[in-house]
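Q: could you look at this predicted model? Sequence included:
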Amino acid sequence: MRFLILFIFTISASAEPTKVICELNGEYSITFKDLKKTYLSEGIEFFKNLARQTQQSLFLLDRAKTSFAESDWSRDEVYVVQYWNIDAENETFQSIKYSIEPSPIWIYPEVPSRIELQEEGASVTHYLEPGDKHPLFSDLSVDFYHVKNSINWFTGRGKLKIDIWLKHIDGVKGKSPKVSVVANGKCEPQEKKF
């Protein structure tokens with residue numbers, strides 16, 4: 001009788017999607033300085049023209065970040081937990097939730113997102129279009145808004161990369177936040193990996 005109960009429980013448990021928790025550590029950086037070079041504006045133009053994210057615009061964004069002096073960025077450690085819901089049998093993504101400590105106030109979770117499923121894992125990118133008003137701050141518009149959560153099903157590692165560049169609608173100089181978060185870490189073991 002004990003064997004039968006265990007077998008029924010196993011069947012019902014396997015029908016449920018797999019919930020995977022990833023614990024990530026990283027760095028949260030912010031500056032309110034104005035950008036002197038045009039790397040970011042070039043990246044935004046690529047973004048507007050193609051209506052989607054490109055590797056070139058991401059490259060230009062990273063170049064724009066390096067044009068600031070190290071002392072311009074205020075840095076803090078950040079701890080992230082990703083809660084993935086994955087159908088392990090079909091290797092498909094169901095949903096993701098995540099929490100960040102300390103949580104940057106510039107992140108708005110209810111923005112549009114796109115899902116990319118690749119052989120090595122899934123990624124979910126939340127984005128706003130350049131020129132959109134920030135949903136939480138009526139005096140700020142978006143230069144660049146990109147929040148990407150990803151998980152690698154083979155290595156069992158998760159990643160969060162955030163780039164949010166905002167500007168004041170009234171053109172105030174030196175007060176526009178530029179936020180960057182990069183966090184990596186281990187996820188719970190998964191069957192696909194092993």
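A: Here it is on my side, so go on. Numbers count the residues shown, from 1 in each chain.

Q: confirm that residue 95 sits in a strand.
A: Yes: per DSSP: H, G, I helix; E, B strand; the rest coil, residue 95 lies within a strand segment.

Q: and residue 97, what is it in contact with?
A: 82, 83 (CB atoms under 8 Å, 6 or more residues apart in numbering). Just so you know, the C-beta spots here come from the backbone N, C-alpha and C atoms, and that holds for glycine as well.

Q: over to the one 4 residues further on?
A: Counting by CB under 8 Å, 6+ apart, residue 101 makes contact with 78, 79, 80.

Q: distance-wise, check the second one relative to residue 90.
A: Computed with CB to CB, to the nearest Å, the distance linking residue 79 and residue 90 is 31 Å.

Q: can you pull the pLDDT of residue 115?
A: With respect to pLDDT, residue 115 scores 90.

Q: ok, now residue 104?
A: 85.

Q: ok so it is a helix residue?
A: No: using three-state DSSP, the secondary structure at residue 104 is coil, not a helix.

Q: could you tell me how many residues sit around it?
A: 17 (other CB atoms under 10 Å).

Q: between residue 79 and residue 90, who's got more neighbours?
A: Counting neighbours by other CB under 10 Å for residue 79 and for residue 90 shows that residue 79 has the greater number, 15 against 9.

Q: now that one: which helix or strand?
A: Assigned by DSSP states H and E, residue 79 belongs to strand 74-87.

Q: circling back: mind putting the contacts of residue 101 into CSV with pLDDT and distance to residue 121?
A: Formatted as CSV, these follow (pLDDT from 0 to 100; distance: CB to CB, whole Å):
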residue, pLDDT, distance to residue 121
78, 93, 22
79, 96, 21
80, 94, 16
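
Q: got CSV for these, with distance to residue 164 too?
A: Supplementary listing: those in CSV, determined by distance: CB to CB, whole Å:
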residue, distance to residue 164
78, 14
79, 19
80, 15
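
Q: just the strands from the protein, written as ranges.
A: 18-31, 74-87, 92-101, 113-118, 121-128, 140-152, 157-168, 178-187 (DSSP state E).

Q: hey, which helix or strand in the protein has the poorest pLDDT?
A: None of the helices or strands of the chain scores lower by mean pLDDT, DSSP states H and E than helix 2-15, at a mean of 36.

Q: residues touching the closest residue to residue 134 other than its chain neighbours, list them.
A: Leaving aside its chain neighbours, residue 134 sits nearest to residue 140 (4.4 Å; criterion: CB to CB, 6 or more residues apart in numbering). Contacts of residue 140 were listed using CB under 8 Å, 6+ apart, and they are 133, 134, 166, 167, 168, 169, 176, 177.

Q: great, nothing more from me.
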